[in-house]
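Visitor: predicted model and sequence follow; I will ask about them next.
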Amino acid sequence: MKIKKAHIDGFGKWHDQDFDFTANPQIIYGPNEAGKTTLMAFLVSILFGFADGRGKNRFAQYIPKNTSSYGGSLQVEANGEDYLIKRQRGRNGGKVTVIDSQGNQGGEQELRNLIGTMDRSLYQALFSFGQRDLAVVDEVNRDEWQQHLQQLGAVGSAQWDKLISQYQKHADHLYKPRGRKWPLNQDLHQYTVLTDKIKHVRGKFQHYQDLQTDLKNNQKVLQRTQSELANQKPALQKLEHLHQLWPVYSKWRNNQQIDKSVNYLTDQQVMAVQKLQVKEKEIHHQQEEYQQRLTLLNTHPLSTQTTHHVQELQRLKERVIELQATGALQQRQQDQVKDWQHELNSIKGHYHYPLPAPLTPQAKTELIQLLNGSTISRIGNNQSAGDLSRPSMIGIIGGFVLFIIGLLANITFLTALGAIVAFATVMYLYYRRQKVDKDFSPVKDNAQEINAFGRKHDLSDFPVDQWLLMQGDIERAAELSTQVKAAAQDQQQYNHQLTVFRRQLSPALQTLPLSSVKAKIDDLLEQRQQAQQDVQVNTREKATIASNLARLAQEANKIHQQKMNLYQQADVHDDQQFAQYLAQRSAAQSQSLTSDAYGQQLTITDRRELAKYVSKEELESALTRMQEQINHLNLTITKAQTKIQKDKVEITSLAEDGTLSNLEQERANLATKIWREVQEWLQYQLAIEWINKALVKASADRYPAIIRQAERFFFLLTENRYTKIDLTVDGIKVVRADQEVFLVEELSQGTAEQLYIALRLGFVTVMSDQANFPIIIDDGFVNFDNVRRQRMLKLLTEIAKKNQVLYFTADDRVKKLSASVLDLQALNHE
Amino acid sequence: MRFIHTADLHLDSPFLGLTAMPRSLWKRIHSSTFTAFQKIVDDAIELQVDFVLISGDIYDRDSQSIAATDFFTRQCERLNQAQIPLYLLYGNHDYQVVHGKDGLPANVYVFGNRVTTTTITLANHETVAISGFSYDQRWISEDPLIKYPPKRKTTWHIGMLHGAVQQNQDNHYAPFTISELEAKNYDYWALGHIHKHQLLVANPPIVYSGNPQGRHKNEAGQHGYYLVESQGNKLIPQFKPVAEIEWSTIKVAAMSTANLAELERFLSQKVIEAVKKTPFQLVELLITKSDQLSPAIQHLLINGDVLEHLQRQNADNNQWWIYNLLVHQSNSLPSMTDLDEDYWQQAANEVFVPAKIAELTASLARNADLASKLTTLDLQQLKRATTQLLRRED
């Protein structure tokens, strides 16, 4: 490729400027600040894109400050065709337009076709060099050259590079040695994780084996303990048997030791004692009863006064009876008196005057004679008055009977009815009698004599005719008066008697009617009599009791004596002791009884075995020890069984735990996957290697040519002083004409720069059939003297036959060496 | 006389070469090593064999699991209940210093670490001498045959041995030669270690019983035990398959299609046609003529997409499971535009070398398991695969 012309629309300090690079080599002169570097940057930028604005590149952008247009165009010749490459402001290195000689317009793709695999960095590394590059000549080594060779696409197959990068991408997407997120990286990590897990899980195998051992040990322990237990059990049973027998044995043994010397009463004796006790008790009881009776009797002593009292009462009673009788007579008399008085009054009422004294019988006779008497008949009505008629009696009695029945039967109606009937009857009788009493009829006599007589006999006030008649009344009246008087006297006497009597009575009785008094006295009398009788009975009883008591005491004494005799035999002194004695006796009896029975229960062996133990405690402690031993064995068995169970469960769970198998298979599967990935990755890597190696092989042919060319250039530049260049992995060696070998480091700076240029140019010229780009040299040879510079220019001229050479310099002397010099200073001044 | 010869139970060891699989399948696979031995014990009891021989590798010592130990003990106990003696020795995977029978039931005889001979008298009064030894370390490099006694004067003499026939190099597993075995004049050699059942010699039989259950694709085909019966003065082994799961490879030539679903249906159908009906088959599908397929489908075949589809579609068939899908790759190198074939070959000679692999996989080799596996890489296979890769990108 050759750059024929350049037009800058705007780039750095340049704007709207044309450059013509027709000369070859084209020397471009410009002092400092003339715009050399800017122009070089423009050329590279149009071909490979504007620098982006990042980092230090932003100073390589050369965006013009005084014009809006950025970029420009190059007119290039490639593969015998002319193209216009135009680059303007745009993304990703600017907008590119490529126009061929036919006017066909293209873009990036067309540009790529023109420049191939060349890029900015490779171009600058190979085709563009300045003072800076020359300074690092000793850093060049074979690998780098090799790389450059390949990068350049020395073998002409840019697609291999593409393929390589594609493979690299594939490979990198599978695995990166230091990566993490890539599948193979991850799988490898997972594999490690799984392996760790497996290791961990497999650790359980030891545990499993330990468990098996443990299980076996426990089974042994179990077996041993079980057999031991089997051995111990009969011993325990024997001890338990002995323990059960012990109470029997103990009693039996005690019985053997009981003091036989103690003599107990016979049963008959005991029975006798018991009988005696009972009798004694009975007697005592009887005694007590008698004593009680006595006490009771004594608490009601009946005085001797009683008798007297009785007599007095007897007398009083008699007196009362007398008085009652008298009273009754008096009552009757009083009744009569009343009658009498009544009669008298009626008589007196019959006569309006006081009645004279009665006539004597003579007088009477006289009178009769006087009068001749008219008789007065009298009909005795009294008869009916004194008698009670039969119906009346029936009424009274019937009423009374009814009353009584009523009372008895507590029938109010009958009681009332009876009372009414009796009362009515009584009332009836009374009225009848009153009526009878009224029938009187006075009798009268003659006058004179009569008068005289009357006067004499105080009868004058009365009609004569009545005198005689009256006599009856008068007599009657007198008689009545006398009777009344007598009655009154009697009454008085009776009252006196009554008063006297009453005074004898106790105050309580004094006011009572006689009948009551009598009743009382009767009562008292009866009581007294009863008491008297009682006293008599008591006295008799007491006597009996006393005799009984005496008898009982005797009896008791006798019994006690008998009892005490027996007690003496039993060596006791009272009942209580005897009761204890009896208890002891019966206990002893039952003891000896059971002991015999126990004795029968014990075999001789038992006895012998039991005899080994002094006490129950000893046997029990032996038993306890044995039980503890057995318990211990049982515990051991239980523990062993539990452990065995636990071990078995754990073993089963371990055995059934598919974790390890799963993990192993998972890992095996992962290993398969990894292996596939490794193979795939390896295939990519090997493909890359293979391609590279094949390319190296293909380009290796160029290598000697490059070295030969470089040797030739070096020979030229050093005036034939150095004949050979040897590019090794360790570095570059040169051979001087005298066969002396030097390392680059040993060369002078100028010679080293010459060597570098020779190599560069050798490379570029040899590779020019593959990659022909303009060689840009920036003010290179400051360390060269004029002679060397002359040779250099001569060499450049030779190289320019194949490659376009653009030589930028600030050295005005160079300007004179060539005619066609592009003077930037001059352009600036236009 | 009748006995069972088995070996290499590898109880509870994982299946290799599988990736993801359904839970039910994993269960079936996991239990298969157990089930296989359980079936052997079932048969032993049912057939009333006189004894059972196990010629080593009952467990993987490196991953000896509780489940395996527990299971094995229980199975021994079953035999014990049936009064069937069991003779076993330990191999390179379950090597151990033998002290007694280590918790196994009374019917189990464990061979010690030195060759010993034990004799039993059968019910029919025949006597059987059995010689063998257990590994006490992982590797036994010396020939153990010197220590085996010559044939005893018993009715039968059986040799038990866990080991491999002597090779030119790397003889770590009690190396022996067949002629040495024959020289002992035993009536039967019950061998263990090689997982493929085979008769090294038919008469008198020198037999590898193989493992009763194959655990990866290299253990394809039938697996089981040998039922050995006497006929006259000979012992005749008869193979009895017990494996619940078999590994197999099915080769299918790709049809010409650009339709993925069609291809998948086609492949499933081909598997159904080709696969054995029993036992359960773990199938590796090898696809040839993949160049008839569109690049897109080829890509899906290679990146595992199709395999995943097929697995999902046939997850529940209960007869087979495609665990891997391989695309047969042509061996030719890529044709490069402007690089000579020579350059490629020269470069390959520098790239496909262990040193280069080691350099590339330095960081991967930090994983010990992976490191050991990397040393077993088949470089030629790798080169083929890489070639395929480069061609794919053409």
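Guide: Noted; the coordinates are in hand.
Visitor: the closest residue to chain A within the stretch 51-200 of chain B sits in which helix or strand?
Guide: In the stretch 51-200 of chain B, the residue found nearest to chain A is B:D70; the distance is 3.4 Å by C-beta to the nearest C-beta. Just so you know, the C-beta spots here come from the backbone N, C-alpha and C atoms, and that holds for glycine as well. Taking DSSP states H and E as the criterion, B:D70 maps to helix B:66-81.
Visitor: immediately after that helix, which helix or strand?
Guide: Taking DSSP H and E, what comes next after helix B:66-81 is strand B:86-89.
Visitor: who's in contact with that next one?
Guide: B:51-56, B:58, B:76, B:79, B:107-111, B:118, B:130, B:132-135, B:160, B:162, B:192 (C-beta atoms under 8 Å, 6 or more residues apart in numbering or on different chains).
Visitor: using ChimeraX, define a selection of the buried residues within these.
Guide: Under the burial definition 16 or more other C-beta atoms under 10 Å in any protein chain shown, those of those that qualify are selected in ChimeraX by:
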select /B:51,52,53,54,55,56,58,76,79,107,108,109,110,111,130,132,133,134,135,160,162,192
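Visitor: which of the contacts of strand B:86-89 fall in strands?
Guide: In strands, defined here by DSSP state E, the members of the contacts of strand B:86-89 are B:51-55, B:108-110, B:118, B:130, B:132, B:160, B:162, B:192.
Visitor: turn those into CSV, columns for distance to chain A and pLDDT.
Guide: Formatted as CSV, the ones in strands among the contacts of strand B:86-89 follow (distance: C-beta to the nearest C-beta, whole Å; pLDDT from 0 to 100):
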residue, distance to chain A, pLDDT
B:F51, 25, 96
B:V52, 22, 97
B:L53, 25, 97
B:I54, 20, 96
B:S55, 24, 96
B:V108, 15, 95
B:Y109, 19, 94
B:V110, 16, 94
B:T118, 24, 95
B:I130, 27, 96
B:G132, 25, 96
B:M160, 26, 96
B:H162, 22, 95
B:G192, 22, 95
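Visitor: quick check: residues of the stretch 501-650 of chain A near chain B?
Guide: Within the stretch 501-650 of chain A, no position is near chain B by C-beta under 8 Å from any C-beta of the partner chain.
Visitor: tell me the secondary structure for the single nearest residue of the stretch 501-650 of chain A relative to chain B?
Guide: Closest approach of the stretch 501-650 of chain A to chain B (C-beta to the nearest C-beta) occurs at A:E650, with a separation of 10.2 Å. Reducing the assignment at A:E650 to three states with DSSP: H, G, I helix; E, B strand; the rest coil gives helix.
Visitor: name the nearest residue to it, sequence neighbours excluded.
Guide: With C-beta to C-beta, 6 or more residues apart in numbering or on different chains as the criterion, A:E650 has its nearest non-adjacent residue at 5.7 Å, and that residue is A:L211.
Visitor: which ones are touching A:L239?
Guide: Contacts of A:L239 (C-beta under 8 Å, 6+ apart): A:619, A:622-623, A:626.
Visitor: which residues in the stretch 101-250 of chain B form helices?
Guide: All helices of the stretch 101-250 of chain B, identified by DSSP state H, counting those that start in this stretch, fall at B:178-183.
Visitor: how about the strands in it?
Guide: Using DSSP state E, counting those that start in this stretch, the strands found in the stretch 101-250 of chain B span residues B:108-110, B:116-121, B:127-132, B:156-162, B:188-192, B:198-201, B:206-208, B:224-231, B:234-241, B:245-253.
Visitor: can you tell me which of the ones you listed is most buried?
Guide: Of all the strands of the stretch 101-250 of chain B, strand B:188-192 has the most neighbours on average by mean count of other C-beta atoms under 10 Å in any protein chain shown, namely a mean of 29.
Visitor: so who does the closest residue to B:V128 other than its chain neighbours touch?
Guide: Sequence neighbours aside, B:W156 is the residue nearest to B:V128 in space, at 4.6 Å (criterion: C-beta to C-beta, 6+ apart). Going by C-beta under 8 Å, 6+ apart, B:W156 touches B:1, B:126-129, B:187-188, B:230, B:235.
Visitor: what's the answer for A:V98, then?
Guide: A:83-86, A:105-107, A:110-111, A:114.
Visitor: kindly provide the distance from the residue nearest to A:E650 to A:I644.
Guide: Distance from A:L211 to A:I644, counting by C-beta to C-beta, to the nearest Å: 11 Å.
Visitor: ditto for A:K216
Guide: 10 Å.
Visitor: among these two, which residue is more densely surrounded?
Guide: A:I644 (18 against 13; other C-beta atoms under 10 Å in any protein chain shown).
Visitor: which helices and strands does the helix or strand hosting that one pack with?
Guide: Using DSSP H and E, A:I644 sits within helix A:616-656. Using 3 or more C-beta pairs under 8 Å, 6 or more residues apart in numbering or on different chains; DSSP states H and E, the elements in contact with helix A:616-656 are helix A:183-257, helix B:66-81.
Visitor: try 10 Å
Guide: Judged by 3 or more C-beta pairs under 10 Å, 6 or more residues apart in numbering or on different chains; DSSP states H and E, the packing partners of helix A:616-656 are helix A:183-257, helix A:604-611, helix B:66-81.
Visitor: by how many degrees do the first one and helix B:66-81 diverge?
Guide: What it means is helix A:183-257. 50 degrees (axes from the mean of the first three to the mean of the last three C-alpha atoms, to 10 degrees).
Visitor: mind checking how far the following helix or strand past helix A:183-257 is from the chain centre?
Guide: Following helix A:183-257 in sequence order, the next helix or strand is helix A:267-298 (DSSP H and E). In terms of C-alpha atoms, centre = their mean, to the nearest Å, the centre of helix A:267-298 is found 74 Å from the chain centre.
Visitor: packing partners for helix A:267-298?
Guide: helix A:514-570, helix A:575-601.
Visitor: least reliable of those helices going by mean pLDDT?
Guide: Confidence, taken as mean pLDDT, is least for helix A:575-601 of those (a mean of 77).
Visitor: that helix packs against which elements?
Guide: The contact analysis (3+ C-beta pairs under 10 Å, 6+ apart) places helix A:575-601 against helix A:183-257, helix A:267-298, helix A:514-570.
Visitor: and those helices: which comes nearest B:M21?
Guide: helix A:183-257 (16.4 Å; C-beta to C-beta).
Visitor: mean confidence for that closest one?
Guide: On average, helix A:183-257 scores 84.
Visitor: what's the angle from it to helix A:575-601?
Guide: Using the same axes, to 10 degrees: helix A:183-257 against helix A:575-601 is 120 degrees.
Visitor: re the thing from before, gap between the residue of the stretch 501-650 of chain A closest to chain B and A:K197?
Guide: 20 Å.
Visitor: again with A:L276
Guide: 107 Å.
Visitor: those two - which one has more neighbours?
Guide: A:L276 (20 against 15).
Visitor: measure the more buried one to chain B for me?
Guide: 91 Å (C-beta to the nearest C-beta, to the nearest Å).
Visitor: wait, that residue sits on A:H284?
Guide: No. With contact defined as C-beta atoms under 10 Å, A:L276 does not reach A:H284; the gap is 11.9 Å.
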